[in-house]
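1. quick check, what structure comes out for this input:
(one chain, ligands or ions: 1)
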Amino acid sequence: MTGTALFDLFERLTSLMRVWNRQHPLLADLQPIQVSALLYLARCNHYSNTPLAVTEYLGLTKGTVSQSLKALEGKGLIVKAQDPRDKRSVHLELTAPALDLVAAIAPPAFLTEALAQMGDQAVQLERLFGTLLRTIQRNQDVPGFGLCHSCRFHEQRDGQPFCGLTQEPLAPAAIELICREHQPLDKAG
Ligand code: SF4
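-> Next up is the predicted model:
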């Protein structure tokens with residue numbers, strides 16, 4: 001298997017996504033990078049909502065991301081909050097209009113409709129894409145940004161989720177969020 005056909009499929013799907021974003025009436029005033037930053041911030045945990053984490057996740061330059069975050073702040077879609085334990089650190093939080101916007105666009109209807117039509121195959125597809133992503137991340141040594149429940153530091157203490165890395169309890173809903181510190185179960189050290 002050369003990967004050409006799969007690569008073509010990814011290219012086609014990502015270009016369809018770009019077209020969909022460009023044509024969506026709710027996204028008319030937002031650039032694609034701003035939409036990506038909003039979607040990430042809506043899905044990441046409280047360790048991962050910093051400007052640096054957004055930059056790492058999107059794989060873009062600090063300057064580009066900084067301009068985009070400034071624009072989102074200007075549009076009233078994100079606010080900065082100082083970290084209570086580290087005054088030099090800033091967290092980015094979505095405002096109520098941004099949360100409404102994300103809820104209206106993600107996941108897009110064309111995707112949920114297609115997945116519903118695929119039935120059990122959609123479940124297999126999600127699992128296989130997850131395996132593919134983890135394999136690429138492991139081979140290329142790129143930042144994890146995985147879901148908390150699949151992290152090797154994820155624990156249960158007193159029946160509650162707990163982070164073995166930060167030694168802090170986690171909110172139950174946080175285990176479904178993206179974390180920049182995530183490490184897969186099969187990663188040593
Ligand atoms: S358990 Fe892993 S993914 Fe979850 S918060 Fe801790 S480091 Fe992040």
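2. dump the residue contacts of residue 73.
-> Taking C-beta atoms under 8 Å, 6 or more residues apart in numbering, we find residue 73 in contact with 79, 80. Placement of C-beta: from N, CA and C, glycine included.
3. any idea which helix or strand carries it?
-> In the assignment (DSSP states H and E), residue 73 maps to helix 62-74.
4. pull out the buried residues from that helix.
-> Using 16 or more other C-beta atoms under 10 Å as the test for burial, helix 62-74 gives 65, 68, 69, 71, 72.
5. name the nearest residue to the third one, ignoring sequence neighbours.
-> Right, residue 69. Nearest residue to residue 69 in three dimensions, chain neighbours excluded: residue 51, at 5.9 Å (C-beta to C-beta, 6 or more residues apart in numbering).
6. try the last one
-> Here the nearest residue to residue 72 in space, its sequence neighbours aside, is residue 78; by C-beta to C-beta, 6+ apart that works out to 4.6 Å.
7. show me what that neighbour bridges to in the sheet.
-> Residue 78 has the following beta-bridge partners by DSSP bridges: residue 94.
8. so, low pLDDT: which residues of this protein?
-> 187-189 (pLDDT under 70).
9. at 90 what do you get?
-> 1-2, 18, 21-22, 84-88, 130, 133-138, 140-144, 183-189 (pLDDT under 90).
10. up against the ligand, what does it have?
-> Proximity of the chain to the ligand (C-beta under 6 Å from any ligand atom) is limited to residues 45, 47, 148, 151, 153, 154, 163, 165, 166, 179, 181, 182.
11. change it to 8 Å
-> Residues of the chain found near the ligand (C-beta under 8 Å from any ligand atom) are 45, 47-48, 144, 146-155, 161-166, 170, 174-175, 179-183.
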